[in-house]
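> based on what follows, work out the 3D shape:
(chains A and B, ligands or ions: 2)
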Amino acid sequence: MKKKNSEEKEKISIAKRISQIALCGPVTIWSVLFIYVPMALLLFMSFMTKGPLGIIKYEFTLENYKAIFDSVYFNVIKESVLVALITTVLSVLMGYPFAYFMAMKKKKISGILMILLMIPFWTNELVIVYSFVILLNNSGLVNTFLQVVGITKEPLSMLYNNFAVIAGMLYMLLPFAVLPMYSSIEKLDKGLLEASKDLGAGPVKTFFKITLPLTAPGIFAGVILVFIPTIGYYQITDMLGGGTQMMIGNLINNQFSISRNWPFGAALSMLLAVLILVMLFICQKIGGNLDDLAA
Amino acid sequence: MAKTIVSMLNVDKWYGENHIVKNMNLDISEGEFLTLLGPSGCGKTTMLRMVSGFEQPSAGTIKVENESVEKKEPYQRNVNTVFQNYALFPNMNVYDNVAYGLKIKKVPKAEIKKRVTEMLKLVQLEGFEKRRISQMSGGQKQRIALARALINHPKVLLLDEPLGALDLKLRKQMQIELKQLQKRLGITFVYVTHDQEEALTMSDRIAIINEGVMEQIDTPKNIYEHPKTRFVAEFIGESNIFDTVVKNILEDKVELAIAEGHIAVPRGEYTVGEKVTVSVRPEVMSFSRERISGFSVKGVVKDIIYVGNFVKMIVEMSNGQEIKITRFDSMELSDLGDVVYLNWPLEKGVVIRMEDSFEDTV
Ligand SMILES: Nc1ncnc2c1ncn2[C@@H]1O[C@H](COP(=O)(O)OP(=O)(O)OP(=O)(O)O)[C@@H](O)[C@H]1O
Ligand SMILES: [Mg+2]
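Ligands and ions are numbered 1, 2, ... in the order given. Below is the predicted model of the structure:
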């Protein structure tokens, strides 16, 4: 009897294990093959030497990492981080009120707003970028309007600079900021806001003491979701920056395609990964102890 | 008579098509423990929310300290609330939750510290200052919510079923603590519950609400002994209700006809043919083997139920109505299947006249 029991248990545990493998296996294999292995290759490559004609010489060197601190490249990196930070901050500043508005509306209305928010996802990126070009160029809609109304005399150069790049990225990434913030605001117990008002706090104090701290996890999630793509984006920078603006993404792209300096490209990729990890770490540090609050 | 601190004057509340609170008139005296009692969905929470300012009356006026509060936001009213689900701030520890109201009012730090310490002592939560809300038990949360409200020295404290989430034992204990606290601090409590026993043990006065209408407002004793409407008689404690028609007006009593037989009430102003409802508590009911003068209520003992500290006997009348009789000892009851005649001391039958249910009860 006892033996049978333990046999059965074993059977169950085997069945359990098989189902676990079946459930997690594909993802594990996928990430090992297409994420960890390439990352390891990149790491390895970043310590190799560049040979003539884009050949990789398998000799250990730290030159690739030293080159990062060359002022030309270093400025690109600084600029990238700055643009990414500005985009992130703006998307939170613009996205939060929208998310708040959406969360406070009835389900029907917030559903419609959600669809509107998703429109950038349905549209081809190229179409979006070209419509930005049409809108923002010197004889484009915006400039024409400003001149006709008489706000400006000369056309403002709004294209092929950081303004255009940030505007484009904001457009593409705003939904990523709004969604997590919306979900945390929607989850917020509205009874707490009433309790705060009951205890004498007006709307502003209630916002800063209750709403903001309790929806911070959503904000941090939004920050991470916007910052990571922005710092690596290169298509938008290429087209709206008009080649005048370099971001890390462009630099890496150039190393692999034009300059054919793969080891340096690999080193830059590692730097990008580190920057993202730092950002995640900061968010976790500030936001981590807030995590249990959202529930 | 103490001075009135909160009053509702002809207050109505509509949610769309639904008439939730109907022409409510209510005066609450300073320092009293008033309970709003009624079945679920009768509008108790809505009434509290109109006093605290989270809902506006559709019609009528609400006054706090003789001043209309119509234009005042919730944070401008000298009223605090203990919410049904406590609504404690999860991003703050116990100390900061209790200190919240004072911090908002920019009270000096040292004084906040002193008052929070006092308050936590009052609710017996010293030493829990640094704890997170998620680490507190239901009863402790309830006390924090109480402390957080009381620290502001409100003129009126609104409590919306504050003990609803607690188990029976803790509930009984907190009932006593709350009542003692209220007496000691002298703050007006407006207390919402749908537990009639809780209302009877704690309140100075009880307002019975049914479907947005105030059925009766009085002391627990009067409510229990002299229910004014059929609803009150049935809602508070157990009652045997007889629907009758005035049959005979005699010298010393009035005979009322029931489905089969008749009962009697003391003399009063009745006219023959008038419809009258009589409510009799199970514990004042008597029975005998023979008919007693004035009463003719015959039935068969159908069931005997032990309810802990008392015993309940169910007598079925010939029209199917079940009459309850309670005693402390089963020896005082009859046996199953016995035929019994029911009666009671005349003055213990509470007469509920039809027009009473429409009378202004304030
Ligand atoms: N915001 C609202 N919109 C529409 N109807 C509402 C709203 N709030 C309450 N009601 C309705 O008003 C009625 C009274 O609600 P209320 O919350 O005052 O009941 P209650 O007496 O507190 O009941 P309970 O004992 O269950 O808490 C209910 O029928 C409820 O559905
Ligand atoms: Mg309620």
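
> make it CA atoms for all contacts and neighbour counts henceforth
OK.

> doesn't residue B:206 lie inside a strand?
Yes: under DSSP: H, G, I helix; E, B strand; the rest coil, residue B:206 sits within a strand.

> residues near it, how many?
27 (other C-alpha atoms under 10 Å in any protein chain shown).

> now do residue A:215
Neighbour number of residue A:215 under other C-alpha under 10 Å is 24.

> am I right that it is in a strand?
No: assigned with three-state DSSP, residue A:215 falls outside any strand and is helix.

> my guess is it contacts residue A:184. True?
Yes: Residue A:215 is within contact range of residue A:184, at 5.4 Å (criterion: C-alpha atoms under 8 Å).

> what residues does the residue lying closest to residue A:232 once chain neighbours are set aside make contact with?
Distances taken as C-alpha to C-alpha, 6 or more residues apart in numbering or on different chains place residue A:249 nearest to residue A:232, at 4.6 Å, with adjacent residues excluded. Shown in contact with residue A:249 (C-alpha atoms under 8 Å, 6 or more residues apart in numbering or on different chains): A:231, A:232, A:233, A:234.

> in ChimeraX, how would I select just the buried ones from those?
Command for ChimeraX that selects the buried part of the contacts of residue A:249, burial taken from 16 or more other C-alpha atoms under 10 Å in any protein chain shown:
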select /A:231,232,233,234
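
> closest to ligand 1 among the contacts of residue A:249?
Nearest to ligand 1, judged by C-alpha to the nearest ligand atom, of these is residue A:231 at 45.7 Å.

> how close does that closest one sit to residue A:267?
16 Å (C-alpha to C-alpha, to the nearest Å).

> count the residues that sit near residue 15.
Defaulting to chain A. Neighbours around residue A:15, by other C-alpha under 10 Å: 12.

> wrong one, chain B
So residue B:15, with other C-alpha under 10 Å, has 9 neighbours.

> next, the buried residues of the helix or strand harbouring residue B:311.
Secondary structure from DSSP states H and E places residue B:311 in strand B:310-317. Across strand B:310-317, burial judged by 16+ other C-alpha under 10 Å covers B:311, B:312, B:313, B:314, B:315, B:316, B:317.

> angles on the backbone of the residue in the stretch 151-300 of chain B that ligand 1 sits nearest to, please.
Using C-alpha to the nearest ligand atom, residue B:194 is the residue of the stretch 151-300 of chain B that sits closest to ligand 1, at 5.9 Å. Dihedral pair for residue B:194: phi -120, psi 10, per degrees, to the nearest 10.

> was I right to think it contacts residue B:43?
No: judged on C-alpha under 8 Å, residue B:194 makes no contact with residue B:43 at a distance of 11.2 Å.

> could I get the average pLDDT for the top helix by length along chain B?
The longest helix of chain B (DSSP state H) is helix B:168-185. Average pLDDT, helix B:168-185: 89.

> whatever helix or strand comes next after that helix: partners in the sheet, and parallel or antiparallel?
Counting by DSSP H and E, the next helix or strand C-terminal to helix B:168-185 is strand B:188-193. The pairing partners recorded for strand B:188-193 under DSSP bridges are strand B:33-37 (parallel), strand B:156-160 (parallel).

> just the angle between strand B:188-193 and helix B:168-185, please?
If you take axes from the mean of the first three to the mean of the last three C-alpha atoms, to 10 degrees, strand B:188-193 sits at 160 degrees to helix B:168-185.

> tell me the helix or strand right after strand B:188-193.
Past strand B:188-193, the next helix or strand by DSSP H and E is helix B:196-202.

> so what's residue B:262 bridging to?
residue B:257, residue B:296.

> measure it to chain A for me?
55 Å (C-alpha to the nearest C-alpha, to the nearest Å).

> wait, doesn't that residue sit right on residue B:292?
No: if you go by C-alpha under 8 Å, residue B:262 and residue B:292 don't touch, sitting 11.1 Å apart.

> so those two - more neighbours on which side?
Using other C-alpha under 10 Å, the more surrounded residue of residue B:262 and residue B:292 is residue B:262, with 19 against 14.

> state the three-state secondary structure for residue 224.
Defaulting to chain A. helix.

> which ones are touching it?
A:279, A:280, A:283.

> please give the element, helix or strand, for the closest residue to the last one other than its chain neighbours.
If I follow you right, that is residue A:283. Using C-alpha to C-alpha, 6+ apart and skipping the chain neighbours, the partner closest in space to residue A:283 is residue A:220 (6.0 Å). In the assignment (DSSP H and E), residue A:220 maps to helix A:212-232.

> got the residues of chain B near chain A?
Chain B comes close to chain A at residues B:52, B:54, B:74-77, B:79-81, B:83, B:87-91, B:100-101, B:104-105, B:149, B:152, as judged by C-alpha under 8 Å from any C-alpha of the partner chain.

> please narrow those residues to those residing in helices.
Using DSSP H, the residues of chain B next to chain A in helices are B:52, B:100, B:101, B:104, B:149.

> out of the residues you listed, which comes closest to residue B:190?
residue B:52 (11.1 Å; C-alpha to C-alpha).

> and that closest one, how far is that from residue B:154?
11 Å.

> quick check on residue B:277: phi, psi?
Residue torsions, per degrees, to the nearest 10, at residue B:277 are phi -110, psi 140.

> surely it touches residue B:352?
Yes: counting by C-alpha under 8 Å, residue B:277 touches residue B:352, with 5.0 Å between them.

> how about the nearest residue to residue B:193 once chain neighbours are set aside, what does it touch?
Leaving aside its sequence neighbours, residue B:193 sits nearest to residue B:161 (C-alpha to C-alpha, 6+ apart; 5.0 Å). Residues in contact with residue B:161 (C-alpha under 8 Å, 6+ apart) are B:83, B:84, B:191, B:192, B:193, B:194.

> for residue B:240, name its beta-bridge partners.
Going by DSSP bridges, residue B:240 forms beta bridges with residue B:280.

> does residue A:192 lie in a helix or a strand, and which?
Assigned by DSSP H and E, residue A:192 falls in helix A:190-198.

> need the next SSE after that helix, C-terminal direction.
helix A:203-206.

> can you list contacts of that following helix?
With C-alpha under 8 Å, 6+ apart as the test, helix A:203-206 has contacts from A:193, A:196, A:197, B:104.

> same check on stretch B:139-158?
With C-alpha under 8 Å, 6+ apart, stretch B:139-158 has contacts from A:199, B:5, B:48, B:52, B:78-83, B:86-88, B:94, B:97-102, B:115-116, B:119-120, B:123, B:125, B:133, B:162-163, B:166, B:170, B:187-191.

> residue numbers of the stretch 151-300 of chain B in contact with ligand 1?
Proximity of the stretch 151-300 of chain B to ligand 1, by C-alpha under 6 Å from any ligand atom, involves residues residue B:194.

> 8 Å instead?
B:160, B:161, B:192, B:193, B:194, B:212 (C-alpha under 8 Å from any ligand atom).

> against which helices or strands is the longest helix of chain B packed?
helix B:196-202 (3 or more C-alpha pairs under 8 Å, 6 or more residues apart in numbering or on different chains; DSSP states H and E).
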